[in-house]
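K.L.:
below is the structure, and that's it, no one-letter string:
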Ligand SMILES: O=c1[nH]cnc2c1ncn2[C@@H]1O[C@H](COP(=O)(O)OP(=O)(O)O)[C@@H](O)[C@H]1O
Ligand SMILES: [Ca+2]
């Protein structure tokens, strides 16, 4: 019916045109004015909404870890409000030398050590943004240990670092020690922010961080009622969603301190030589007792009457190494419904996990980042690596630092034991772990989460629906203009000003 009616209307329009041509002076003038008005409307509307060239804001975070310090520069679109622009890593710089906690005796050098990377940051951030760029330094387990050992020395290191950072043209926001809980929680925020899981309210990924002096596990458990252990629980409201996060940081369970624990276990009777199954056959080094025991993680275990040095020999036996590593964990006491180790509460594991920092370095070197490979195969491969003679290992990897090279067997064994015996990953759930270094170009670690939190860049509530992109805006204006134009033409066809007798179209 409607098709017939439309066909009828067109015929009427044609007939009318024949009787009364439309191109009278009045209709021509109206049409020209109409077209000019529509073109002007579209042009003005489109030009007004034209996107300005992208400008960025910047933020700098220094990760003062136990083994070294790294500087990260983040950037995000300047014209968007806090909440809509995506923050990404623009640049990173590895500070030469050791972590700031190693400068306890010469604190000024801790400040000095940061200069090179800070000068690099001055070049990386556009000059006109310098004064408004926030600069943070967060120190982790190395400084926690120094603080426990000698709080005066740790204060002096912070003062030296502060003095050095204030010399640069950025907006200095302070240097402080992060608690283990913050370190774990901000690592989790980083991973889930970069994966866009928070904004979209998707199921979150757990975060596993292995440092040199501490290690963190953080995840949202299934059916998390009230935590049996409030100190392990952190609640967040992000983009309108509530998260009850379980997090724990094990001080002294970073891979460098755990090696001390394992060596302390093997040298408790103060021998002159130990045959270590976690080092390669042919490995042989003279080590100093006082250096080994110079850490609050092991200082109370130093054997009485031990010689000055001991001879550290490698045996390369993965099975025995696992036994040595197991000794650093205490599985006996648990006052909660369930524990990981050392009497620490841990709810059942849930979801996918991202394992970064030293987890990645070690597993990447060992070619074991593929977690779809069965755990038994992973162990077989590691056993082969551990049994490889030390001179062969050095020959095969001349580019790798010998200290790292010597310790990959131990570190691999520790990682597998920590994950399976410590955190209770099974042969099945092991495949839910992904060893990662970066996510979409930004390093996985606590620094991004720390900055997002301090700059209030993740809102508690979901932002209003984002403004229409420019292309969408142009399309809508064009469609409306075409619609107006069509209606105008129809209007001209049907109600010509010159005709007195208009046929009625039904
Ligand atoms: O290339 C590498 N191979 C092996 N281990 C590495 C490499 N780069 C860094 N690491 C290790 O990663 C760990 C980083 O720990 P970090 O310095 O962040 O300590 P923290 O988080 O406990 O304060 C250290 O054990 C360091 O030796
Ligand atoms: Ca770290």
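P.N.:
Here it is on my side, so go on. Since we're looking at a predicted model, the values are computed, not measured. Ligands and ions are numbered 1, 2, ... in the order given.
K.L.:
per-domain residue ranges of the chain.
P.N.:
2-48+468-494, 54-177, 255-435 (automatic domain parsing).
K.L.:
next, the contact list for the residue in the stretch 51-200 of the chain that ligand 1 sits nearest to, please.
P.N.:
Nearest to ligand 1, among the residues of the stretch 51-200 of the chain, is residue 65, at 2.6 Å (Cβ to the nearest ligand atom). All C-beta spots, glycine's among them, are computed from the backbone N, C-alpha and C. Neighbour list for residue 65: 99, 140, 141, 142, 211, 212 [criterion: Cβ atoms under 8 Å, 6 or more residues apart in numbering].
K.L.:
gap between the longest strand along the chain and the chain center?
P.N.:
Looking across the chain with DSSP state E, the single longest strand is strand 241-251. The chain centre lies 15 Å from the centre of strand 241-251; the measure is Cα atoms, centre = their mean, to the nearest Å.
K.L.:
any part of the following helix or strand past that strand near ligand 2?
P.N.:
Sequence order places helix 255-266 as the next helix or strand after strand 241-251, per DSSP states H and E. No - Helix 255-266 is not in contact with ligand 2 by Cβ under 5 Å from the ion; minimum separation 10.8 Å.
K.L.:
quick one: residues in contact with helix 255-266.
P.N.:
Taking Cβ under 8 Å, 6+ apart as the rule, helix 255-266 contacts 66-67, 141, 145, 210-215, 251-252, 274, 276, 278, 287, 292-293, 295, 297-298, 301, 312, 324-325, 327-328, 358, 362, 407, 410-411, 414-415.
K.L.:
just the residues you listed that are near ligand 2?
P.N.:
residue 211.
K.L.:
now the contacts of helix 255-266: which count as buried?
P.N.:
Neighbour counting by 16 or more other Cβ atoms under 10 Å classes 66-67, 141, 145, 210-215, 251-252, 274, 276, 278, 292-293, 295, 297-298, 312, 324-325, 328, 358, 362, 407, 410-411, 414-415 among the contacts of helix 255-266 as buried.
K.L.:
does residue 222 belong to a helix, a strand or coil?
P.N.:
coil (DSSP: H, G, I helix; E, B strand; the rest coil).
K.L.:
tell me the contacts of it?
P.N.:
348, 350, 351.
K.L.:
again, only using 6 Å
P.N.:
residue 350 (Cβ atoms under 6 Å, 6 or more residues apart in numbering).
K.L.:
quick check: phi and psi at it.
P.N.:
With angles defined as degrees, to the nearest 10, residue 222 sits at phi -80, psi 150.
K.L.:
relative to ligand 2, how far out is it?
P.N.:
28 Å (Cβ to the ion, to the nearest Å).
K.L.:
equivalent analysis for residue 92, please.
P.N.:
13 Å.
K.L.:
quickly list what that residue is bridged to.
P.N.:
Residue 92 has these beta-bridge partners by DSSP bridges: residue 72.
K.L.:
what is the burial count for it?
P.N.:
18 (other Cβ atoms under 10 Å).
K.L.:
wouldn't it be in contact with residue 72 here?
P.N.:
Yes - using Cβ atoms under 6 Å, residue 92 makes contact with residue 72 at a distance of 5.1 Å.
K.L.:
just the contacts of residue 65: which are in helices?
P.N.:
Using DSSP state H, the subset of the contacts of residue 65 located in helices is 141, 142.
K.L.:
near ligand 1, which of the contacts of residue 65 show up?
P.N.:
99, 140, 141, 142, 211, 212 (Cβ under 6 Å from any ligand atom).
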